[in-house]
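S.K.: Predicted model and sequence follow; I will ask about them next.
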Amino acid sequence: MTGSADRPSHTVSVAEARSRFSELLDAAEAGETVVITRRGQPVAELTPHPRAPRAGTRDLSWLAEETAKISYDQVDSGDLVRGMRDERY
């Protein structure tokens, strides 16, 4: 295994990559980089895909603040639908 401390990597030949592909995908998913070589020369890297950041508490508190700003009028749903129909026809 080679690589840096923050992102360790495996180096494998094309033949080995073919036979261990599922295992190498698992390694990439776990954050490792897999270097694939042909005749000892690197030709490709299998790297982890960046994940979307998760919503944090900060994001949710912003949402709560914005939601609190919205005023909801007490409207009867039947009246609302009738009004929409009247506007349309």
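M.R.: Yep, it's here. In this text the structure is predicted, and so the values were computed from the model without any measurement.
S.K.: Is His10 in a helix, a strand, or coil?
M.R.: strand (DSSP: H, G, I helix; E, B strand; the rest coil).
S.K.: Does the residue nearest to it when sequence neighbours are not counted lie in a helix or a strand, and which?
M.R.: Nearest non-adjacent residue to His10, counting by C-beta to C-beta, 6 or more residues apart in numbering: Val34, 4.8 Å away. Bear in mind the C-beta positions are built from the backbone N, C-alpha and C, glycine included. Taking DSSP states H and E as the definition, Val34 sits inside strand 33-38.
S.K.: Please point out which parts of that strand sit buried.
M.R.: Using 16 or more other C-beta atoms under 10 Å as the test for burial, strand 33-38 gives 33-36.
S.K.: Tell me the one among the residues you listed nearest to Trp62.
M.R.: Thr33 (35.1 Å; C-beta to C-beta).
S.K.: partners of the spatially closest residue to the closest one that is not a sequence neighbour in the sheet?
M.R.: Counting by C-beta to C-beta, 6+ apart, Thr33 lies nearest to Ser9, which is 3.9 Å off, once chain neighbours are set aside. Applying DSSP bridges to Ser9 yields these beta-bridge partners: Thr2, Thr33.
S.K.: Brilliant, that's me finished.
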